[in-house]
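Participant: Provided below for reference: sequence and predicted model.
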Amino acid sequence: MIASGGFRKYIAITGRRNVGKSSFMNALIGQEVSIVSNVAGTTTDPVFKSMELSPVGPITLIDTPGLDDVGELGIKRIKKAKKSLYRADCGILIVDDIPGNFEEQIIKLFKELEIPYFIAINKIDTIDHENIEKEYKKYNVPILKVSALKKIGFEKIGKTINSILPKDDEIPYLSDLIDGGDLVILVVPIDLGAPKGRLIMPQVHAIREGLDREALVLVVKERELRYAIENIGIKPRLVVTDSQSVMKVVSDVPEDIDLTTFSILESRYRGDLEYFVESVKAVENLKDGDTVIIMEGCTHRPLTEDIGRVKIPRWLTNHTGAALNLKVWAGVDMPELSEIEDAKLIIHCGGCVMNRNNMMRRVRMFKRLNIPMTNYGVVISYLHGVLERAIKPLMR
Ligand SMILES: Nc1nc2c(ncn2[C@@H]2O[C@H](COP(=O)(O)OP(=O)(O)OP(=O)(O)O)[C@@H](O)[C@H]2O)c(=O)[nH]1
Ligand code: SF4
Ligand SMILES: [Mg+2]
């Protein structure tokens, strides 16, 4: 598994016009990348710059336009702010005075979008920063004091960012669904798609957690499942199957035995199962020409009967009857707004190279943009009419 540190973090620099956002970015980077001037409203579009910042790792700084822009309506301004913050992992609010309406609004927005932030009081070379600092204490976030002009106070930025970046708690894979002594049956198809001579990570993960829980773990192919249930003499507590065999497995497992799929377990473990389940309903509203993005966590070489590129699009088209505009977006980074904003639905892969932190960044991003996001496991079960049964053990 790749550590979260390997993924580029996005840091949004916000604040009113002329507080020194561009100067702050330039001072942190050590280069003049964003235009600085004493004319309010110099930065009109977000400016991006990537760098390594110890101890955070690779980051992209986003210098945003001052959002107290005159002449713009409040609502439009907030919309614009949301757009420039959509993929931020954390925010920096630059100030050079006591909080006013604008700062209140930005802080409200950070909270609403669940973006952790800290405050940087800039221009400490000329202003009465002690008094200003007192006024910001009530927000209970770190406050740094800097001078972008004199390049003072920048040594603590990396540590401060690191301390506020979200750390999404680990969630059990299946150990909370069973007790010691329970029988768990894992259904593992050995077909052309199965890697030669080994099991895949979700299967290994399930075996390991089952063993840690002191359960009895039985691994079978789908053909032997019914035989196992009928002959083993113990009622299984849980059956976990590969999504692609779920139809057959559903008919072989009596209703009173809990059944789910590896992909649904993965969805909960790595992502936001509730959001994925809520979002999958968007399938019913899809019509001709709507954009659906198949999003993958890595750029693997597609297989002939690729699940994301061939099977899901086929099932989706059969289900909706609509001529959809299906796009694939693959990679470890966060997409550009222009690449995703017209999507009516995002269907994400299981994200085996991602950890929970990285998947949740994408979940937060789509929630902020009000774009439904589901994943392969949920959509496959949904399109086969077995979602309700497959999520039941996890939704209690
Ligand atoms: N004295 C002092 N002046 C500063 C400092 N940082 C920025 N300035 C000045 O403040 C003015 C605005 O700086 P910018 O960096 O362009 O501010 P901005 O927030 O990006 O402004 P917009 O893009 O217009 O929203 C410039 O004249 C800077 O030289 C500082 O630490 N001390
Ligand atoms: S599940 Fe996603 S991250 Fe894992 S190999 Fe497939 S496309 Fe890549
Ligand atoms: Mg600027």
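Facilitator: Structure's in. What do you need? Fair warning: this is a prediction, and the values are worked out from it, not measured in the lab. Ligands and ions are numbered 1, 2, ... in the order given.
Participant: what about the residue in the stretch 251-396 of the chain that ligand 1 sits nearest to, neighbour count?
Facilitator: In the stretch 251-396 of the chain, the residue found nearest to ligand 1 is Leu337; the distance is 19.7 Å by CB to the nearest ligand atom. Heads up, the C-betas are built off the backbone N, CA and C, glycines and all. Neighbour count for Leu337, taken as other CB atoms under 10 Å: 14.
Participant: equivalent analysis for Thr64, please.
Facilitator: 25.
Participant: now do the same contact list for Val239.
Facilitator: Residues in contact with Val239 (CB atoms under 8 Å, 6 or more residues apart in numbering) are 184-187, 225, 249, 253, 257-260.
Participant: ramachandran angles for the closest residue to Val33 other than its chain neighbours?
Facilitator: Among residues not flanking Val33 along the chain, Lys49 sits closest, at 4.8 Å (CB to CB, 6 or more residues apart in numbering). With angles defined as degrees, to the nearest 10, Lys49 sits at phi -150, psi 130.
Participant: quick check: bridge partners of Lys49?
Facilitator: Leu61 (DSSP bridges).
Participant: which residues are in contact with it?
Facilitator: Counting by CB under 8 Å, 6+ apart, Lys49 has contacts 25, 29, 31, 33-34, 60-61, 63.
Participant: now do Lys156
Facilitator: If a contact means CB under 8 Å, 6+ apart, then Lys156 has Leu144 as its contacts.
Participant: circling back to that earlier point, hmm, Lys80 and the residue of the stretch 251-396 of the chain closest to ligand 1 touching each other?
Facilitator: No. Using CB atoms under 8 Å, Leu337 makes no contact with Lys80, being 11.6 Å away.
Participant: need the pLDDT of the residue of the stretch 251-396 of the chain closest to ligand 1.
Facilitator: The model reports Leu337 with a pLDDT of 88.
Participant: measure it to Asn325 for me?
Facilitator: Distance, Leu337 to Asn325, by CB to CB, to the nearest Å: 17 Å.
Participant: report the secondary structure state of Ile124.
Facilitator: Assigned with DSSP: H, G, I helix; E, B strand; the rest coil, Ile124 falls in the coil class.
Participant: verify the stated contact: it with Lys145.
Facilitator: Yes. The pair Ile124 / Lys145 is scored as a contact, 4.9 Å apart, by CB under 8 Å.
Participant: overlap in contacts of these two?
Facilitator: Gly153.
Participant: compare those two (neighbour count), which wins?
Facilitator: Neighbour count, other CB under 10 Å: between Ile124 and Lys145, Ile124 has more, with 22 against 18.
Participant: ok, back up a step: whichever of the contacts of Lys49 end up buried, select them in ChimeraX.
Facilitator: The ChimeraX command for the buried members of the contacts of Lys49 (criterion: 16 or more other CB atoms under 10 Å) is given here:
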select :25,34,60,61,63
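Participant: can you add distance to Pro166, secondary structure and pLDDT and give the contacts of Lys49 back as JSON lines?
Facilitator: Below are these laid out as JSON lines (distance: CB to CB, whole Å; DSSP: H, G, I helix; E, B strand; the rest coil; pLDDT from 0 to 100):
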{"residue": "Met25", "distance to Pro166": "22", "secondary structure": "helix", "pLDDT": "94"}
{"residue": "Ile29", "distance to Pro166": "24", "secondary structure": "helix", "pLDDT": "91"}
{"residue": "Gln31", "distance to Pro166": "28", "secondary structure": "coil", "pLDDT": "79"}
{"residue": "Val33", "distance to Pro166": "27", "secondary structure": "coil", "pLDDT": "78"}
{"residue": "Ser34", "distance to Pro166": "26", "secondary structure": "coil", "pLDDT": "80"}
{"residue": "Thr60", "distance to Pro166": "17", "secondary structure": "strand", "pLDDT": "92"}
{"residue": "Leu61", "distance to Pro166": "18", "secondary structure": "strand", "pLDDT": "94"}
{"residue": "Asp63", "distance to Pro166": "22", "secondary structure": "strand", "pLDDT": "88"}
